[in-house]
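*Asks:* 3D, please:
(2 chains)
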Number of protein chains: 2
Amino acid sequence: MTAPLHQARPAGPGRALPDNTQQGMRRRNLARVMHTVSAEGPLSRAAIASRIGLTRAAVSTLVDELIRTGLLQELGPERPGRVGRPGSALAVSGHGPAGVGAEIGVDHLAVCVVDLRGRVRARAVRHGTNRNRAPEPVLKDLTALIRQVVAEAERQDLWAAGLSVAVPGLVSWDGRTVVRAPNLGWHDTDLGALLPDGLPLTVDNEANFGGLAELWLGEDTPRDFLHVSAEIGIGAAVVVDGCLLRGTRGFAGELGHVPVAPEGPACPCGGRGCLEQYAGEEAVLRAAGLEPGEDRIGLLAARAAAGDERVRRALRDAGTALGVALTGAVHLLDPGRVVLGGALAGLAPWLLPSLEAELASRSAGRACPVSVSRLGPEGPLLGAAHAVVRGVLDDPATVAELA
Amino acid sequence: MTAPLHQARPAGPGRALPDNTQQGMRRRNLARVMHTVSAEGPLSRAAIASRIGLTRAAVSTLVDELIRTGLLQELGPERPGRVGRPGSALAVSGHGPAGVGAEIGVDHLAVCVVDLRGRVRARAVRHGTNRNRAPEPVLKDLTALIRQVVAEAERQDLWAAGLSVAVPGLVSWDGRTVVRAPNLGWHDTDLGALLPDGLPLTVDNEANFGGLAELWLGEDTPRDFLHVSAEIGIGAAVVVDGCLLRGTRGFAGELGHVPVAPEGPACPCGGRGCLEQYAGEEAVLRAAGLEPGEDRIGLLAARAAAGDERVRRALRDAGTALGVALTGAVHLLDPGRVVLGGALAGLAPWLLPSLEAELASRSAGRACPVSVSRLGPEGPLLGAAHAVVRGVLDDPATVAELA
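*Replies:* Okay, here's the model as predicted:
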């Protein structure tokens, strides 16, 4: 499990051929049983067999293996009182393997455990800045937090099937090295060497995990959408046909560096007039007359709610700049929806009117709908934990080997 | 065959389930045989069987069907003089079904026939403006051209398996209705009603067919790239993992309406400062001091080649504007390459330096490579014809039914 499980495509130029050995087909059939029960359960063996088009005997063998490894559980007889011998209803296990998600934020660390049914079973947060702290002490703190949360999960008969870590930066194709996280001051940092051994690890950008959380947990989320989030920088997750678009080098979704005014202020990226120079946290704080510091998003929201006109204007202008950048993105991608997530969700009441007005005025009557994520700042953490859970459903055999 | 054959995904929200009936598997196996022979042929039956993992007997049945319907042909014994009974080598047929591609340009009509081996076997062009001509006379002219070219192909033992038409405008999901083609003055025009009966029809945007031609016929084209073309408007084909991104409503790739200066000149789309206001044909002609008219691209290229400084400056500025718009696209999509195609290919010597400089200065040392299509203005026409050929390789059974 060295590459992200939810990767849209293999890193190489071609697609992998399906593994048509008996072993490969068994793996795929285990996954089909898990996905069917996860989406429609509880179900009897006979109901599973009819849904996936295998014989009852074949399904029984697969189900027995999934029960043995703790991925499915029997709930007892189904359909009591009806005609025919009752089948035993099967459900995805609320014990056994679970996903551990972690988030390294600029102002906090967070960890949670999600079971195979998608419920959060344990969580912990540690507040305090990580800006320009070296990776070692940050990951030592994170490891302590992971141990604490995993211990709490183990008391509930769960065990950690994998760990996914959301970071505010670019991550290499290996799924464990942070190439560049400017707000942490990290570059080329191999998190694998600094995190608990023995737990299959995936590291990814927080904007990507936020977008995946929206895809998996959002309300009626279409299969093509753009999820925009911000923690200092502004990132987007581009989701195409239910898959995250990563780009050739894994750098897709850098909405913050889309030019909104070609001769605008210089950006550390080397460009001029990038969106971040108008709608990034620093730019908005400056326009609002506030100093940088902890929980500035909360402060901006509080001041705007209290009617502070300078803060409101700063957010209105940021919304306009977001509208210009998103106009370009919408013309290129024609997504079914733009979702404001992460920190932007909390500021939506003041960003959204100018953002939508700008988008509409530039879209000739076919503006893309914009909505606000219900997940808000929880998105990246939940997306990370659910990525592990999805990995288990997609390949239960791997977990059986770990167990 | 009412929807484009090369569509990245079904129009609905979910993916279609694979057809696992015996009939469905036979169709897929026929396609696997065709693609294998097309990519690696000539091959013996035994070689095909070993490549696709079916028995020699199963492959023989499939091959016999493909020979009967004229899709494969036997070349005679393979490996003469070697040990063992020689197999008969099979190749994709140079006769039989072929793809008809057509292009409705603002200044011309063009039709060509491409055989299953990918060779152009017949073609014809009719020059003359179509600007603001009604659809009926244009399609009457096009029908005459199609009949002429198809007759020429029939003299070479080919028959038309389908017709794809490239148009300078937006096309609806039905693959036959032009929603809007501003430079022709057409809207909601059902081409199906006005073109020869009996030929399966697909209509698509010329930028899409240009991008597909680059994917299928370009030199070492990566599976993720952005193909930029222009005939009056500026369009892009966004190719992700070898599939054309169409967007939720089929409107993806509208690079011409990406804002490059938010307060720039008004655009007919309702926006301001769209790329087309700086790099569209009209804007460039105005900046170059030339009047609109036929073959203005050729005139621009000739003047620039002759050293006309005003024309060169107009093209340089257009390149800069393209660079700004493409910076946004590259940050969002991280493509493996940007390809300048269509009319832009002929102007590349004067556009490219400023375009590349702008892109590099805004990309922090990781600029996306830009190349010029070898296909140039031929792209959309070839893409259209090859789309039909791809459709035959992807589902040979359909052709067998037509034959």
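
*Asks:* And the strands in the stretch 301-403 of chain A, which stretches?
*Replies:* A:338-340, A:370-372 (DSSP state E, counting those that start in this stretch).

*Asks:* Of those strands, give the one that comes closest to chain B.
*Replies:* Closest to chain B of the strands of the stretch 301-403 of chain A is strand A:338-340 (C-beta to the nearest C-beta; 11.4 Å). (C-beta placed from N, C-alpha, C; glycine too.)

*Asks:* I'd like the strands of the stretch 301-403 of chain A as a markdown table, with mean neighbour count and distance to residue B:350 appended.
*Replies:* Listed next are the strands of the stretch 301-403 of chain A as a markdown table, based on neighbours: other C-beta atoms under 10 Å in any protein chain shown; distance: least, C-beta to C-beta, whole Å:
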| stretch | mean neighbour count | distance to residue B:350 |
| --- | --- | --- |
| strand A:338-340 | 27 | 37 |
| strand A:370-372 | 19 | 39 |
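
*Asks:* Return the helix or strand in chain A with minimum mean pLDDT.
*Replies:* Among the helical and strand segments of chain A, the one scoring lowest on mean pLDDT, DSSP states H and E is helix A:396-402, with a mean of 80.

*Asks:* quick check, distance from that helix to the centre of its chain.
*Replies:* Centre-to-centre, helix A:396-402 and its host chain are 23 Å apart (C-alpha atoms, centre = their mean, to the nearest Å).

*Asks:* Please write out the alpha-carbon positions of that helix in CSV.
*Replies:* Coordinates of the C-alpha atoms in helix A:396-402 are reproduced here as CSV (Å, rounded to 0.1, in the frame of the first residue of the first chain):
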residue,chain,number,x,y,z
PRO,A,396,-10.4,-7.1,1.4
ALA,A,397,-7.8,-9.8,0.7
THR,A,398,-5.0,-7.3,1.7
VAL,A,399,-6.6,-6.9,5.1
ALA,A,400,-6.9,-10.6,5.5
GLU,A,401,-3.2,-10.8,5.0
LEU,A,402,-2.5,-8.0,7.5
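
*Asks:* Of all the strands of the stretch 301-403 of chain A, which one is nearest residue A:219?
*Replies:* strand A:370-372 (8.4 Å; C-beta to C-beta).

*Asks:* That closest one near chain B anywhere?
*Replies:* No - judged by C-beta under 8 Å from any C-beta of the partner chain, strand A:370-372 stays clear of chain B, getting no closer than 13.8 Å.

*Asks:* elements contacting that strand?
*Replies:* Counting contacts by 3 or more C-beta pairs under 8 Å, 6 or more residues apart in numbering or on different chains; DSSP states H and E, strand A:370-372 packs against strand A:338-340, helix A:342-361.

*Asks:* Given that strand, what are its sheet partners and their directions?
*Replies:* strand A:338-340 (parallel) (DSSP bridges).

*Asks:* Pull the distance from the partner strand to the chain's centre.
*Replies:* Put simply, strand A:338-340 sits 14 Å off its chain's centre (C-alpha atoms, centre = their mean).

*Asks:* Stretch A:167-180 now?
*Replies:* 15 Å.

*Asks:* hmm, back to that, would you format the helices and strands packed on strand A:370-372 as JSON lines with mean pLDDT included?
*Replies:* Shown next, in JSON lines, are the helices and strands packed on strand A:370-372 (pLDDT from 0 to 100):
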{"stretch": "strand A:338-340", "mean pLDDT": "96"}
{"stretch": "helix A:342-361", "mean pLDDT": "94"}
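
*Asks:* What backbone torsions are found at whatever residue of the stretch 301-403 of chain A ends up closest to chain B?
*Replies:* Nearest to chain B in the stretch 301-403 of chain A, going by C-beta to the nearest C-beta, is residue A:334, at a distance of 2.4 Å. Dihedral pair for residue A:334: phi 50, psi 60, per degrees, to the nearest 10.

*Asks:* Now it: closest residue in space, sequence neighbours ignored.
*Replies:* residue B:247 (2.4 Å; C-beta to C-beta, 6 or more residues apart in numbering or on different chains).

*Asks:* Am I right that the residue of the stretch 301-403 of chain A closest to chain B is in contact with residue B:251?
*Replies:* Yes - using C-beta atoms under 8 Å, residue A:334 makes contact with residue B:251 at a distance of 4.3 Å.

*Asks:* which stretches of the stretch 201-350 of chain A have low pLDDT?
*Replies:* A:231-232 (pLDDT under 70).

*Asks:* For it, which residues are neighbours of chain B?
*Replies:* Neighbours of chain B within the stretch 201-350 of chain A, by C-beta under 8 Å from any C-beta: A:222-224, A:236, A:238, A:240-241, A:245-255, A:257-262, A:269-272, A:274, A:324-325, A:327-329, A:331-336.

*Asks:* Now list the buried members of those.
*Replies:* A:222-224, A:236, A:238, A:240-241, A:245-255, A:257-262, A:269-272, A:274, A:324-325, A:327-329, A:331-336 (16 or more other C-beta atoms under 10 Å in any protein chain shown).

*Asks:* Please list the members of those residues that lie in strands.
*Replies:* Judged by DSSP state E, strands contain the following of those: A:236, A:238, A:240.

*Asks:* how near is the first one to residue A:225?
*Replies:* When distance is defined by C-beta to C-beta, to the nearest Å, residue A:236 is 10 Å away from residue A:225.

*Asks:* how about the least confident helix or strand of chain A: buried residues?
*Replies:* Residues A:396, A:397, A:398, A:399, A:400, A:402 are the ones in helix A:396-402 that count as buried (16+ other C-beta under 10 Å).

*Asks:* quick one: the second one and residue A:24 touch, right?
*Replies:* No - because the distance of 9.8 Å does not satisfy C-beta under 8 Å, residue A:397 is recorded as not touching residue A:24.

*Asks:* Next, show the common contact partners of these two.
*Replies:* With contacts defined as C-beta atoms under 8 Å, 6 or more residues apart in numbering or on different chains, no residue is shared by residue A:397 and residue A:24.

*Asks:* how near is the residue of the stretch 151-300 of chain A found nearest chain B to residue A:199?
*Replies:* The nearest approach of the stretch 151-300 of chain A to chain B comes at residue A:247, 2.4 Å away (C-beta to the nearest C-beta). Residue A:247 sits 28 Å away from residue A:199, going by C-beta to C-beta.

*Asks:* can you check residue A:310 too?
*Replies:* Separation of residue A:310 from residue A:199 (C-beta to C-beta) stands at 47 Å.

*Asks:* which of the two has more neighbours?
*Replies:* Each of residue A:310 and residue A:199 has its neighbours counted (other C-beta atoms under 10 Å in any protein chain shown); residue A:199 has more, 16 against 13.

*Asks:* what about that one, helix or strand, and which?
*Replies:* Under DSSP states H and E, no helix or strand contains residue A:199.

*Asks:* That one and residue A:120, how far apart?
*Replies:* 18 Å.

*Asks:* swap in residue A:74?
*Replies:* Taking C-beta to C-beta, one finds residue A:74 at 25 Å from residue A:120.

*Asks:* Where do the helices of chain A begin and end?
*Replies:* A:22-40, A:45-52, A:56-68, A:135-154, A:206-217, A:276-279, A:281-288, A:296-305, A:309-333, A:342-361, A:379-394, A:396-402 (DSSP state H).

*Asks:* now for these, which one comes closest to residue B:125?
*Replies:* Here helix A:309-333 is closest among these (C-beta to C-beta), at 31.6 Å.

*Asks:* for the closest residue in space to residue A:312 that isn't next to it in sequence, what are its contacts?
*Replies:* With C-beta to C-beta, 6+ apart as the criterion, residue A:312 has its nearest non-adjacent residue at 5.3 Å, and that residue is residue A:304. The contact partners of residue A:304, by C-beta under 8 Å, 6+ apart, come to A:311, A:312, A:315, A:347, A:349, A:350.
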